[in-house]
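Chemist: Turn this into a model:
(chains A and B)
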Protein chains: 2
Amino acid sequence: MSQFVYAFGAGKADGDGSMKELLGGKGANLAEMTSIGLPVPPGFTLTTEVCQAYYANNQQYPTGLEDEVNRALTVLEERMNKGFGDSQNPLLVSVRSGARASMPGMMDTVLNLGLNDQTIQGVITQSDDPRFAYDSYRRFVQMYANVVKGMNGDVFAATLSQKKDDRGVQLDTELTADDLKELVGEFKASYKEHLGEDFPDEPLQQLWGAIGAVFGSWMTPRAVTYRKLHAIPSDWGTAVNVQGMVFGNMGEDCATGVAFTRDPATGENYFYGEYLVNAQGEDVVAGIRTPQPINRTKHKEGDLPAMEDVMPESYAQLANIREILEQHYKDMQDIEFTIEKGKLYMLQTRTGKRTAPAAIKIAVDMVSEGLIDQKEAVLRVDPDQLDQLLHPSLDPKAEKQIIAKGLPASPGAASGQVVFNADEAEEQTRLKKKVILVRIETSPEDIHGMNAAQGILTARGGMTSHAAVVARGMGKCCISGCSDIKIDYEKQQLTTKSGHLIKRGDFITLDGSLGEIMLGDVPKVQPEVSGNFATLMGWVDQFRRLKVRTNADTPKDSKVARGFGAEGIGLCRTEHMFFEGDRIQAVREMILAEDLDGRKRALDKILPMQKGDFLGIFRAMKGYPVTIRLLDPPLHEFLPQTDDDVSELANAVGLRFSEVKEHVEHLHEFNPMLGHRGCRLGITYPEVYDMQVQAIMEAACELVKDEGFDIVPEIMIPLVSHVNELAILRKNAIRVADDVCERFGVNVSYLIGTMIELPRAALTADAIAREAEFFSFGTNDLTQTTYGLSRDDAGHFLPDYIERGVLKKDPFVALDQRGVGELVKIGFERGRSTRPELKVGICGEHGGEPSSVAFCHEIGLDYVSCSPYRVPIARLAAAHAAIQEG
Amino acid sequence: MSQFVYAFGAGKADGDGSMKELLGGKGANLAEMTSIGLPVPPGFTLTTEVCQAYYANNQQYPTGLEDEVNRALTVLEERMNKGFGDSQNPLLVSVRSGARASMPGMMDTVLNLGLNDQTIQGVITQSDDPRFAYDSYRRFVQMYANVVKGMNGDVFAATLSQKKDDRGVQLDTELTADDLKELVGEFKASYKEHLGEDFPDEPLQQLWGAIGAVFGSWMTPRAVTYRKLHAIPSDWGTAVNVQGMVFGNMGEDCATGVAFTRDPATGENYFYGEYLVNAQGEDVVAGIRTPQPINRTKHKEGDLPAMEDVMPESYAQLANIREILEQHYKDMQDIEFTIEKGKLYMLQTRTGKRTAPAAIKIAVDMVSEGLIDQKEAVLRVDPDQLDQLLHPSLDPKAEKQIIAKGLPASPGAASGQVVFNADEAEEQTRLKKKVILVRIETSPEDIHGMNAAQGILTARGGMTSHAAVVARGMGKCCISGCSDIKIDYEKQQLTTKSGHLIKRGDFITLDGSLGEIMLGDVPKVQPEVSGNFATLMGWVDQFRRLKVRTNADTPKDSKVARGFGAEGIGLCRTEHMFFEGDRIQAVREMILAEDLDGRKRALDKILPMQKGDFLGIFRAMKGYPVTIRLLDPPLHEFLPQTDDDVSELANAVGLRFSEVKEHVEHLHEFNPMLGHRGCRLGITYPEVYDMQVQAIMEAACELVKDEGFDIVPEIMIPLVSHVNELAILRKNAIRVADDVCERFGVNVSYLIGTMIELPRAALTADAIAREAEFFSFGTNDLTQTTYGLSRDDAGHFLPDYIERGVLKKDPFVALDQRGVGELVKIGFERGRSTRPELKVGICGEHGGEPSSVAFCHEIGLDYVSCSPYRVPIARLAAAHAAIQEG
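Modeler: Just a heads-up that it's a prediction; the model follows:
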């Protein structure tokens, strides 16, 4: 039979720090600290297996547990040199839950357990402070009733309040020991009244009550929901920690405090912490008294006296423990301590949470200090955290008035005056104003305005709606799918559910990382990419196997991405180029042309512009591969929709309104996502793809010939569902490309490949690979089709799905490994089975999301491609994946 | 070494009828007829392996071929008792291609090969008819130049025309032997001029030229394309048949004819055929002379004399051969014969094509005659053919003026006056007029008009657009996606590309089987479901393993389907019920309600109506399972779209226009197919599904309790992508269902299952099966998502794809077994792995398409479900699949 109870104390422990699964995080660390000789109040831990057995066996404790607890209690009594229930020298204990991961909804802490009308006498005697003793007693009754029995605390607050009124005093501290003694009685009476039973006076009964409450709290709805949301298996169970009480509030030689072994905000290597004299742990957190710094480092004029000065011996001991802990755990620790009558006790240590800059600094510093190696340093920084470093963020100290919430579509913070259309965004920006572009939804025609605006707010659309994708590509703050707001274009205003009215020109602030919309211009802090960041990223690149490319459509984006370390372009969307400046006019002429000749005339106008784009992009990416996707969206996306715009276009191209209108209507699609787009356009209008291939190859040939570049363009054909489509278009592309090479008299190699973005393409990848030299998984569209879920419409219900746990994560954010991921795997394996040298990457939004990057590494892809601002995240995630595979 | 040349003649043959792969269809049957003692002109066949070797070896003939041909030629000379190139007694031959399957684009026939200026003399002497001889000669030169050398026939036609002008005559037959002799010289001169070489006078050179042309024609673009479209492997190759010439045009004791051993139109068991005295085979087909019947059966006043009377001996011989062939082949044969100077020769026999009624009658008759067994009879009828029997069709003799073509969306024929909206269709029908409803596209609101109309014509939408699916469900003729027409609702007219203007009230006729739109009211023939049909279907049901259910939404459809033999309902779409009559009003109230209470009030109005529907359907399907799908389409489908209709609705429900409009806009979706529909609605608005489950269970309980029915309703939850969705909705459904049972005091079993219609559902079917008692593959939606192809938008390019062979078949018509089919298989296998007793069927449109039914049989599904009018097709296809698996 396994051991149910693990004791610690007096420098010895049954367990150790590695046993988090069995003892929970808290219990394991208490054992570990005890073992390495730190002063920890003795105690014992009921293992998580007890919890598992409890639930497996109809909420009965396993046989033998009681005996083990009794034995552990005896040992504890010995180690504390006190007796549980002893009226002379009573042992009091704390009872705390402790799962593997800290978990809201779990019972937290019961202090002073063991007090009753007999043992209180011993406490009075020993502390020589009846007021302290009774205050502890009444707090215990209150805590037990509330935490263990779930009684509403209001009753006790009211009784306490009444007592102060009766005594004519204002503060709790003004009540006398007798007042408090009376309160104990009154509290117990309330307890009986509400719960229908006497308050348990027997310490053992109290202990089992508290243990039962911890185990019971494992299955509260809140805990169950939390576990569901965080994928924590419910059979993990929780441990229970029973520990001898020490008191930081027994006089002026007592204190309690919390500290970090380094500054968790900056990572600076100094001992950062706060303490309070004559106080209990909760007082430090509660904020009633202002805590004092533990040392003189960073001490400022007017600061309260430091522990270093007030209790120099205890401080020296603590500072020494800090060294021991860092040397032992080799990471920054978050600790709790208590000083009882001049004696220091450690109550907790755990790995300290830290900001992204701190994480980087600590990791890099610890390498210099020889504590960890570079591999470990890389693992110490969470890829998701890096996002903080790559966008400006709101000043955490600023005051914020949140008026609505939407989806955190693109991180960062932005403030500006509200405008409701793209043209105005552009115009106001030209006039040196900062604006936030607010739209019901955005379309490719809004890109100039999005580019001009500080941030974008849309009422509709999901995390990968047009607004969200484009904004992330631009590294621009965006909140999408904000159903809290109602936009009235006519009145040029929006109203929020919270009742605020925002007019054109009013200032608002967006927090794209949280999805919060605030009134006014909230101050921001600029990101700082320090030298440590560069150092760390250098290490990162040694460890990863996966290449990281970027999704970029312009020379400007390409340069940004290169700056972030992108190793080429995985997705250059040529259609974005179609919208720039006056090109859209030529594009529309092409669409409206009645015949092939008309289309060719219009395409001839576009050709030099496309070629110019490619020249710029190839130059920016010199030496790195560039994958260019041929035209993808349905043609109607390029045509105006409102009658006014149609009319304007008709005038511009010299057609009748009705003719243009008819064309627009003819091109209308019920489900454009599943319509006449991608390679289907290439089959219907081969001249469009021919022009694009010509532009790509002319740019490449020119650079190879005139500037000695080494370029192998990767021409990517989108939305293939059947190999025949690719075979036809590949043949066309080869004809055009070879023709260009011949004209230029240079031999430029090129690859022709395809996006795998439809389930059928993945399933038939063996056939498709016959015609493709590379695959790029378009996981955005693949997610849409695999789930049957439009990213633009998902806003109607997806947020609710996530909140209710129907789906754990937004599949447009983190790759759905079970469904979409299986198709990626199938496509990859089948493609490679036909063509072992097939180049394979992923260019959906998932290419910049850590768990998805890890998946791509695991299944063996060659690269991921993501928006420029996520390139460092992808690099780090790729390194994590490589290191963790061992 | 294998044998390259197979001879036949004089009652002996190297090959036989089973060797179609080696000898081609024609060669194998010539060998077979020879073997069974029929009078076949001797000859020999170069095998398909020669063709394969020819292409495998850089278009060189295999070694030894020439020798074998020479030997075969010697045998042929002996058998014909003539000499190849002999000027006294010349052997003339025909050369024909002959692949396994007959194939357009292949070289057809060269006759009279062996003629030259020497051998012509022998022909003159033997025929004693110089005119006949020279006419044969000039035809041979012309045929050889055209068929073998690919020369345009216009030159020869012009020369012939000139000759007639010179001679001052009108008809070819008025030219003399000398004129024809001159023409031979002139034709040869043209040959040299155009081809730059002399016409080959050497018979062996002619023979090898013709053989080379046959092999060469295997790789013509037309043949290659045809093979691609019909999945014929190009390595099959073709055979070449060289056969001694016999002449039906050598005098009044000569004749030629074609016949079917039974009537191919009706199947009647009489000898049906036509012949011409003194003619060659091509004359019968060419239609210059009117062919005469071969016998007196069905002889009518004024008919030309029958062969039976004119050549009684030959006829008797032929009639005997007919018996021999039917006894031998045990199927109706299509034969060609020639009589040369009173002697009968058989030139070809093959299985005769026939109409659906004929196929059924012949199959049933042959069973009575003991020729075949029931299993064979079932295989003799092509399931696709049955469609002809189940819809009225155009009189094949009627004159038709085709003005446009669209997609053949739902078969049958219909004529009526054009109307442009559903209300008018209904009204005009009430006034006893027949109408064709013409819409740009249809929506569920048009259903009453579609139901009233004779047929439906839409300008947009594919084979499975709303119009197409609903029309097929109604068994109503429909042409969809007709981009040839332009509809002007305002002017109430349409114009066609061909330049026709059709106004409201004009008559048009639709042929839904061909997609043709015709002017006026073209006469039709009504379908005849004869007793033989019933007999055959009785046999069908003995052999099939797959069950066949129907997709039906009303008691009326259910009854029709039962009449066609449906064994339950596989898909009852409850939303169709939402549109009927005044229900739509309550549905809209539900959608517009501000809160749960409002929605519940509206649902309370719908409940009794839904319950009534289910009562009717359960009664119609008494004893058979009924699968009811809960609400599937997005809510906006139920709301009006035009401002006028919005306004009307606002008045009706007492809301402001702007409120309703805002609601409509809020519900707008970019890609409704991928939007807030199916189970996603059930999660958001559980009260809707609760109402539907309640209606189903109340209807079932009532029938069980009051009428002693035995019902196990199958409640189907649509569009599940993640098992969590199903788990939530299943729990809800069980709660409601059990509550109803309790209220009624009866214990009605029910099943809860789901549609597998998204790739993710198929991939995660093992998880989903934990919550599902049955699966129904919704292959329409599964095809849409697997291909990323909206069926409503496919009309923009899918017809072009099919025509160009990019896709072999419309995947919405025939299940794409490679892609979508793999997901069906995966889903089926994973589902059964979790729950071995899982009931699995398919309810997409594919359930009524024979190749898809065969696939469902092969992978082991329990049933298919299809529209009522396709139930017999599915039954027959299922029987074929079962029989063919052996």
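
Chemist: Can you tell me how far residue A:150 is from chain B?
Modeler: Counting by C-beta to the nearest C-beta, to the nearest Å, the separation of residue A:150 from chain B is 27 Å. All C-beta spots, glycine's among them, are computed from the backbone N, C-alpha and C.

Chemist: That residue in helix, strand or coil?
Modeler: Under DSSP: H, G, I helix; E, B strand; the rest coil, the three-state class of residue A:150 is coil.

Chemist: Can you list the neighbours in contact with the strand or helix carrying residue A:537?
Modeler: Using DSSP states H and E, residue A:537 falls within helix A:531-543. For helix A:531-543, contacts defined as C-beta atoms under 8 Å, 6 or more residues apart in numbering or on different chains pick out A:360-361, A:363-365, A:374-375, A:377-378, A:381, A:389, A:565, A:872, A:875-876, A:878-879, A:882-883.

Chemist: which residues sit in contact with residue A:299?
Modeler: Applying C-beta under 8 Å, 6+ apart, we find residue A:299 in contact with A:293, A:306.

Chemist: mind checking the SS state of it?
Modeler: Following three-state DSSP, we place residue A:299 in the coil state.

Chemist: do the same with the one 4 residues further on
Modeler: Counting by three-state DSSP, the backbone at residue A:303 sits in coil.

Chemist: In this structure it contacts residue A:293, no?
Modeler: Yes. Residue A:303 lies in contact with residue A:293 (C-beta atoms under 8 Å); the separation is 6.0 Å.

Chemist: one step back: mind listing what's buried in the helix holding residue A:537?
Modeler: Within helix A:531-543, the residues that qualify as buried are A:532-533, A:535-537, A:539-540, A:543, counting by 16 or more other C-beta atoms under 10 Å in any protein chain shown.

Chemist: Stretch A:683-698 and chain B in contact?
Modeler: Yes. Figure legend: stretch A:683-698 in contact with chain B (C-beta under 8 Å from any C-beta of the partner chain); contacting residues A:683-684.

Chemist: Report the buried residues of that stretch.
Modeler: For stretch A:683-698, burial by neighbour count (16+ other C-beta under 10 Å) applies to A:683, A:685-698.

Chemist: In strands, which of these fall?
Modeler: Nothing among the buried residues of stretch A:683-698 maps onto strands, per DSSP state E.

Chemist: which one of those residues sits closest to chain B?
Modeler: The shortest approach to chain B among the buried residues of stretch A:683-698 belongs to residue A:683, at 6.5 Å (C-beta to the nearest C-beta).

Chemist: And the pLDDT for residue A:304?
Modeler: Reading off the confidence values, residue A:304 has pLDDT 83.

Chemist: gap between the nearest residue to it once chain neighbours are set aside and residue A:840?
Modeler: Spatial nearest neighbour of residue A:304, chain neighbours left out: residue A:292 (4.0 Å); criterion: C-beta to C-beta, 6 or more residues apart in numbering or on different chains. For residue A:292, the distance to residue A:840 (C-beta to C-beta, to the nearest Å) stands at 59 Å.

Chemist: same deal with residue A:470?
Modeler: When distances are taken as C-beta to C-beta, residue A:470 and residue A:840 turn out to be 26 Å apart.

Chemist: quick one: strands adjacent to the helix or strand harbouring residue A:345?
Modeler: Here residue A:345 is covered by strand A:343-351, with elements defined by DSSP H and E. Each strand that pairs with strand A:343-351, with its direction, by DSSP bridges: strand A:333-340 (antiparallel).

Chemist: now the strand it pairs with: mean pLDDT?
Modeler: 94.

Chemist: who touches that strand?
Modeler: A:246-248, A:250, A:253-261, A:264, A:273, A:275, A:281, A:311, A:314, A:318, A:321-322, A:325-326, A:344-353.

Chemist: mind listing which of those are in helices?
Modeler: Counted as lying in helices by DSSP state H, out of these, are A:281, A:314, A:318, A:321-322, A:325-326.

Chemist: related to what we said a few turns ago, of residue A:303 and residue A:293, who's got more company?
Modeler: Each of residue A:303 and residue A:293 had its neighbours counted (other C-beta atoms under 10 Å in any protein chain shown), and the higher figure belongs to residue A:293 (23 against 12).

Chemist: pLDDT weak spots in the stretch 751-886 of chain A?
Modeler: Along the stretch 751-886 of chain A, the model assigns pLDDT under 70 to no residue.

Chemist: With chain A instead?
Modeler: Across chain A, the ranges flagged by pLDDT under 70 are A:1, A:104-105, A:229-230, A:282-289, A:463-464, A:473, A:475, A:526-530.

Chemist: thought residue A:813 was touching residue A:849?
Modeler: Yes. Checked against C-beta under 8 Å, the pair residue A:813 and residue A:849 is within contact range at 6.1 Å.

Chemist: quick one: which of those two has more around it?
Modeler: Counting neighbours by other C-beta under 10 Å for residue A:813 and for residue A:849 shows that residue A:849 has the greater number, 25 against 21.

Chemist: Identify the residue spatially nearest to that one, adjacent ones excluded.
Modeler: Nearest residue to residue A:849, sequence neighbours excluded (C-beta to C-beta, 6+ apart): residue A:814, at 5.4 Å.

Chemist: doesn't residue A:855 make contact with that neighbour?
Modeler: No. Using C-beta under 8 Å, residue A:814 is not in contact with residue A:855, being 9.1 Å away.

Chemist: quick one: which of those two has more around it?
Modeler: Under the neighbour definition other C-beta under 10 Å, residue A:814 and residue A:855 were set side by side, and residue A:855 has more, 23 against 16.

Chemist: Help me confirm that the more buried one is found in a strand?
Modeler: No. Counting by three-state DSSP, residue A:855 is not found in a strand; it is helix.

Chemist: can you pull the contacts of it?
Modeler: If you count contacts by C-beta under 8 Å, 6+ apart, then residue A:855 has A:815, A:817, A:821, A:824 around it.

Chemist: List the ones among the residues you listed that fall in strands.
Modeler: Residues from those lying in strands, with DSSP E as the criterion: none.

Chemist: Which pair of the residues you listed spans the longest distance?
Modeler: A:817 and A:824 (8.6 Å; C-beta to C-beta).

Chemist: Please say which of these two ends up with more neighbours.
Modeler: Comparing residue A:817 with residue A:824 by other C-beta under 10 Å, the one with more neighbours is residue A:824, at 30 against 17.

Chemist: The closest residue in space to that one that isn't next to it in sequence: how many residues sit nearby?
Modeler: What sits nearest to residue A:824 in space, not counting adjacent residues and going by C-beta to C-beta, 6+ apart, is residue A:777, at 5.2 Å. The local packing of residue A:777 (other C-beta under 10 Å) involves 30 other residues.
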